[in-house]
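K.L.:
structure, please.
(10 chains)
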Protein chains: 10
Amino acid sequence: MAELETFDNPHPQRDYTITHVAPEFTSVCPKTGQPDFGTITIDYVADAACIELKSLKLYLQSYRNEGVFYEDIVNRILNDLVAAASPRRMTVTGEFTPRGGMHSIVRAEHTS
Amino acid sequence: MAELETFDNPHPQRDYTITHVAPEFTSVCPKTGQPDFGTITIDYVADAACIELKSLKLYLQSYRNEGVFYEDIVNRILNDLVAAASPRRMTVTGEFTPRGGMHSIVRAEHTS
Amino acid sequence: MAELETFDNPHPQRDYTITHVAPEFTSVCPKTGQPDFGTITIDYVADAACIELKSLKLYLQSYRNEGVFYEDIVNRILNDLVAAASPRRMTVTGEFTPRGGMHSIVRAEHTS
Amino acid sequence: MAELETFDNPHPQRDYTITHVAPEFTSVCPKTGQPDFGTITIDYVADAACIELKSLKLYLQSYRNEGVFYEDIVNRILNDLVAAASPRRMTVTGEFTPRGGMHSIVRAEHTS
Amino acid sequence: MAELETFDNPHPQRDYTITHVAPEFTSVCPKTGQPDFGTITIDYVADAACIELKSLKLYLQSYRNEGVFYEDIVNRILNDLVAAASPRRMTVTGEFTPRGGMHSIVRAEHTS
Amino acid sequence: MAELETFDNPHPQRDYTITHVAPEFTSVCPKTGQPDFGTITIDYVADAACIELKSLKLYLQSYRNEGVFYEDIVNRILNDLVAAASPRRMTVTGEFTPRGGMHSIVRAEHTS
Amino acid sequence: MAELETFDNPHPQRDYTITHVAPEFTSVCPKTGQPDFGTITIDYVADAACIELKSLKLYLQSYRNEGVFYEDIVNRILNDLVAAASPRRMTVTGEFTPRGGMHSIVRAEHTS
Amino acid sequence: MAELETFDNPHPQRDYTITHVAPEFTSVCPKTGQPDFGTITIDYVADAACIELKSLKLYLQSYRNEGVFYEDIVNRILNDLVAAASPRRMTVTGEFTPRGGMHSIVRAEHTS
Amino acid sequence: MAELETFDNPHPQRDYTITHVAPEFTSVCPKTGQPDFGTITIDYVADAACIELKSLKLYLQSYRNEGVFYEDIVNRILNDLVAAASPRRMTVTGEFTPRGGMHSIVRAEHTS
Amino acid sequence: MAELETFDNPHPQRDYTITHVAPEFTSVCPKTGQPDFGTITIDYVADAACIELKSLKLYLQSYRNEGVFYEDIVNRILNDLVAAASPRRMTVTGEFTPRGGMHSIVRAEHTS
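P.N.:
Next up, the predicted model:
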């Protein structure tokens, strides 16, 4: 996985929310080897550190040829972002495109 | 009914939600013999087990030639999924297409 | 008014919601004699009895040549459905099409 | 049927189009006795006469308790409007709400 | 301002909500003399009296050539409607069209 | 296949178009045995005969457990309808739901 | 009516189209005295002169307290704009909000 | 930054909300020098002072050639508006257009 | 590139259109190495051969780690599909997601 | 103005269309000094040269602090792009955001 970078929260005295929506997420299904596609939404309240956008883009791109299940993707992204930025609160949501006539949404939350 | 399968929840220590949306549900009206159509949405927090997607698809397909009322479909799906996966919380919603100028929505919830 | 029929709630041990949306409601304005049009939405938790769909359609159709005000329509439908099915909770909403450049929505709720 | 009225075209020297959209059309199915609902769109180039809006509304309302098939409704409205206003060109379109899981559109044109 | 009229609430024993949406509101900016446009939404629970629709339409039309600011319009309409109908609860919302690349929404609430 | 019925075109002297939209079409993939879903749209100018709606619904329903490819479905429906009603012109369109991340549309036309 | 102003077409050697959409048009119904509302769209190819935007806004505003029928509004605006700017081609469209459950569109074209 | 002006709240005795939506915000990325675009939404309950609309427009325009990060823009606007108008409660939201395949939303709130 | 397969056109005597829409296309920008995303639409009239869907999916997936420009992608897909199926007529359209605040569409057509 | 760059058309033997949509265009009104905003769409058939995307972005950005009228913007962009790339055919469209309650669209075409 590409390394996540952070920068100093310019307004740490206030609890404000930052949302990044990444509609160009793609990974590979570990069972069928077929590509999966989805939108990853990250919603958080920063503590000391904010997530740097370009490193987030590269981090998400590093799933491109990885074999991972939906349930795992969302929890792994949440764990990595929490480890990198120690936010006060963070939610990660993955909305995946239809497979076999069904589509799926996975959402996980971290509270400090 | 086709058998529902599960796999181990990869992140059981966290309460996160999984949603599957199946817009290609069809069954048969027990009164008129006419086909019914709808979207089934399953929304749950897994405990030890997650529902395996392919078996869910086959399970829902096994209603194709069954005669069932709307109120019954939603409650039976909920009962079967709860029996198979013992989720911490689960909601099943069925939104059915218009019949006689009216459409119907049925929603049932299970909390452990 | 056509008679409302019910059938036995197949899952009375669970509090689940049933919604019927009827976009083809029409009645007559008692003041002007002009036809009124709207969508009636019924949302309820059944107790022992569920409302039978065909009788509901005929019941709503029996307003076709009746002169009634918006505020009255919604409350009368609620009263009749509560009398017929004794639900645990029921909401009736009427959304009417524009008259004189304004449109109106009336919503009434019954809790047992 | 209520009588259609016309008024003098204020700009007869120019070929311009007039469209009236009536989304509150209702009649009765001659086979089942059930109400039908739809949107009637009238699109024409007036010659000497324009159709008066209030009489058009009352004319369309006079189908409320008539038993007519979709194919007939659209052609009859076209015939009546052509007889009343002798337009240079006229199209009548009826878009009807779903019955038995299908909806229908009928469109007829008159050219002088 | 045109006089607001009321009629007896036909179901005063029940707390139900009535909403009127008026998308054809227009007044004049007191600063520039230019016309303003917006949608006024009135949402209330009647006590003894309901607001009569035609008088409401005429009341809102009487702002057509009045010079008033957005913040004032919404509060004045709320005050006048409360004075006329003494509702149990009422909200008035004004959503105005863009001026100088920005649009504005003002919402005021009265609780008895 | 259920038999298609027709009735006499009430306005055979005029070329007018009739459109039926059937969003609840389902058949079975002959390769995988999995259900397929789609919307069938029939658009025609009747000659002596119009297609009877109820028989059309039953005809389309008789594909429910048939194994047919998309390209074949649309052409077969067109052939059967042309044989039954000898229209002056007819188009059949099938818009199918996504399979493997792609969706397909097939359209065939008959001119007499 | 406020006076329409023009400015020199900066690219008269090329046939290009200019469209102005004015969704805040209001006038008065000459029959009922009630306000009418609509969107006026002007679409033209300039010859020597382009229509100046501010004068167009004031011109359209001068209908605010005028009593005019829909068919007349569109033709009068077209005549006035043609007189002011002598365009190579011009279309004026008025789309009016619902009255008595119907809405109307009038479109007139001028070609030089 | 252009100076923010206020006017006396005409209804200070009531807690009502005022929302201004400015979809034409633009600034410059301090890192790349490239222009950024977004919609700024200001939602507040005035105390003694309301924000004057024209000065708000000019204030937001003064970011046009400023180099600022998303997180900073929203917090700086909130700080400046709170300093100018001392509202009872205020939220500022910035929704920015996609960069590198991701878009971002930042929301900050002030409560007195 | 994965090999494209075809099957015999079941209705070669008729000119009918087949459309496949693939919204999960991804390749790599040859200049920046960054992933590109888009929707590829293929619209054709088959002659003797139809394109087999699964091989089309695999063919499009083989662009996943290829460096290609937008203009090239669309023309190469068209060339390859024409070579494989010799259609009577074919259009390929690529609609790509925004890069640097702009998005692009490329469309190429082959006629035999 | 920033310089426009081109690259060799990789498929000059085929007439295919390339469309670039730039929704982040901004310039300054020469009359009021206020910023203008709009979407510029460029649609062309390349001859020997294709327009390079990054130089197009910088070219459009160089209007940011220029005072230009709508009619002029679209024709100037068309002239500059035609001079740079000598396309077989090109259309430039500018859709601008509302000013004074009206919005405008300007479209110019070049054919070689």
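
K.L.:
you'd agree A:I51 is up against A:L81?
P.N.:
Yes. Here A:I51 reaches A:L81: they are 6.5 Å apart, a contact under CB atoms under 8 Å. Backbone N, C-alpha and C define where each C-beta goes, glycine included.

K.L.:
doesn't A:D47 make contact with A:R88?
P.N.:
Yes. Using CB under 8 Å, A:R88 is in contact with A:D47, at 5.0 Å.

K.L.:
find residues that contact each of the two.
P.N.:
Listed as contacting both A:R88 and A:D47 by CB atoms under 8 Å, 6 or more residues apart in numbering or on different chains are A:S112.

K.L.:
what touches both of A:I51 and A:L81?
P.N.:
Contact criterion CB under 8 Å, 6+ apart; residues shared by A:I51 and A:L81: A:L4, A:I42, A:Y44.

K.L.:
among those, which one lies nearest to B:T17?
P.N.:
Nearest to B:T17 out of the shared contacts of A:I51 and A:L81 is A:I42 (CB to CB; 16.1 Å).

K.L.:
quick one, what contacts the closest one?
P.N.:
A:T19, A:H20, A:A22, A:I51, A:L56, A:I77, A:L81, A:M90, A:T91, A:V92.

K.L.:
alpha carbons of stretch A:37-50, as CSV, please.
P.N.:
Extracted as CSV, the C-alpha positions of stretch A:37-50 are listed here (Å, rounded to 0.1, in the frame of the first residue of the first chain):
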residue,chain,number,x,y,z
PHE,A,37,-15.5,-1.0,-8.8
GLY,A,38,-16.9,1.3,-6.2
THR,A,39,-17.0,4.7,-4.5
ILE,A,40,-15.1,5.2,-1.2
THR,A,41,-16.3,8.0,1.1
ILE,A,42,-14.2,9.1,4.0
ASP,A,43,-15.8,11.4,6.6
TYR,A,44,-13.8,12.5,9.7
VAL,A,45,-13.1,15.0,12.4
ALA,A,46,-9.4,15.7,12.5
ASP,A,47,-7.5,15.9,15.7
ALA,A,48,-3.9,17.1,15.3
ALA,A,49,-3.5,15.8,11.7
CYS,A,50,-5.4,16.1,8.4
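
K.L.:
bridged to the closest residue in space to A:R88 that isn't next to it in sequence, which residues?
P.N.:
In space, and not counting its chain neighbours, A:R88 is closest to A:V45: 4.3 Å by CB to CB, 6 or more residues apart in numbering or on different chains. According to DSSP bridges, the residues that bridge with A:V45 are A:T17, A:R89.

K.L.:
wait, doesn't A:V45 sit right on A:A85?
P.N.:
No. Judged on CB under 8 Å, A:V45 makes no contact with A:A85 at a distance of 10.5 Å.

K.L.:
have a look at those two and say which one is more surrounded.
P.N.:
Shown here are A:V45 and A:A85; by other CB atoms under 10 Å in any protein chain shown, A:A85 has more neighbours (22 against 16).

K.L.:
please report how far the more buried one lies from A:I51.
P.N.:
Distance, A:A85 to A:I51, using CB to CB, to the nearest Å: 5 Å.

K.L.:
show me what contacts the most centrally placed residue in chain A?
P.N.:
Compute the mean C-alpha point of chain A, and by CA atoms, centre = their mean the closest residue is A:I77, 4.4 Å away. Contacts for A:I77 (CB under 8 Å, 6+ apart) come out as A:I40, A:I42, A:L60, A:V92, A:G94.

K.L.:
the second one: which element?
P.N.:
Put plainly, it is A:I42. In this structure, A:I42 is located in strand A:35-45 according to DSSP states H and E.

K.L.:
centre of the chain to that strand, how far?
P.N.:
5 Å (CA atoms, centre = their mean, to the nearest Å).

K.L.:
mind listing what's buried in that strand?
P.N.:
A:P35, A:D36, A:F37, A:G38, A:T39, A:I40, A:T41, A:I42, A:D43, A:Y44, A:V45 (16 or more other CB atoms under 10 Å in any protein chain shown).

K.L.:
now swap in stretch A:72-83 and tell me
P.N.:
For stretch A:72-83, the neighbour count (16+ other CB under 10 Å) marks A:D72, A:I73, A:V74, A:N75, A:R76, A:I77, A:L78, A:L81 as buried.

K.L.:
from those, which land in helices?
P.N.:
Among the buried residues of stretch A:72-83, the members falling in helices are A:D72, A:I73, A:V74, A:N75, A:R76, A:I77, A:L78, A:L81 (criterion: DSSP state H).
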